[in-house]
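coordinates for the following, if possible.
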Amino acid sequence: MLTIKCSACKLKIFKYKKIGKGRVLYCYKDRIEKDYSKHDGNEIKCKKCGKVIGMDEGGRIKMKQDAFIISGFKI
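Sure, this is the predicted structure:
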């Protein structure tokens, strides 16, 4: 389970179940355990500072690589 946080203010964005190795390029919606983000149209933003974290593409969210940090255990 990974905790994805905003890189600007360190607020939690998602609790995400990562499967496999590698970077987080996309977050699949069915693997998001807890969603703390703000949805503004197809943009996913931080609730506190408003920074755009990713773009909603239907079944997945395309993450902006410089907008978030990851903590937790990678499976």
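
state the pLDDT value of the spatially closest residue to residue 23 that is not a sequence neighbour.
Setting aside the residues directly before and after it, residue 23 is nearest to residue 65 in space (C-beta to C-beta, 6 or more residues apart in numbering), at 7.6 Å. The way it works is simple: take the backbone N, C-alpha and C, and place the C-beta from them, glycine included. The per-residue pLDDT reported for residue 65 equals 95.

the one 4 residues further on now?
We have a pLDDT of 95 for residue 69.

gap between stretch 60-71 and the chain center?
With C-alpha atoms, centre = their mean, to the nearest Å as the basis, the distance from the averaged C-alpha position of stretch 60-71 to the chain average is 5 Å.

that stretch: which residues count as buried?
By neighbour count on 16 or more other C-beta atoms under 10 Å, the buried set for stretch 60-71 is 60, 61, 63, 67, 68.

state the phi and psi torsions of the third one.
With angles defined as degrees, to the nearest 10, residue 63 shows backbone torsions of phi -90, psi 140.

surely it and residue 16 touch.
No: counting by C-beta atoms under 8 Å, residue 63 stays clear of residue 16, with 9.9 Å between them.

looks to me like the residue nearest to residue 23 is in a strand.
No: judged by DSSP: H, G, I helix; E, B strand; the rest coil, residue 65 forms no part of a strand; its state is coil.
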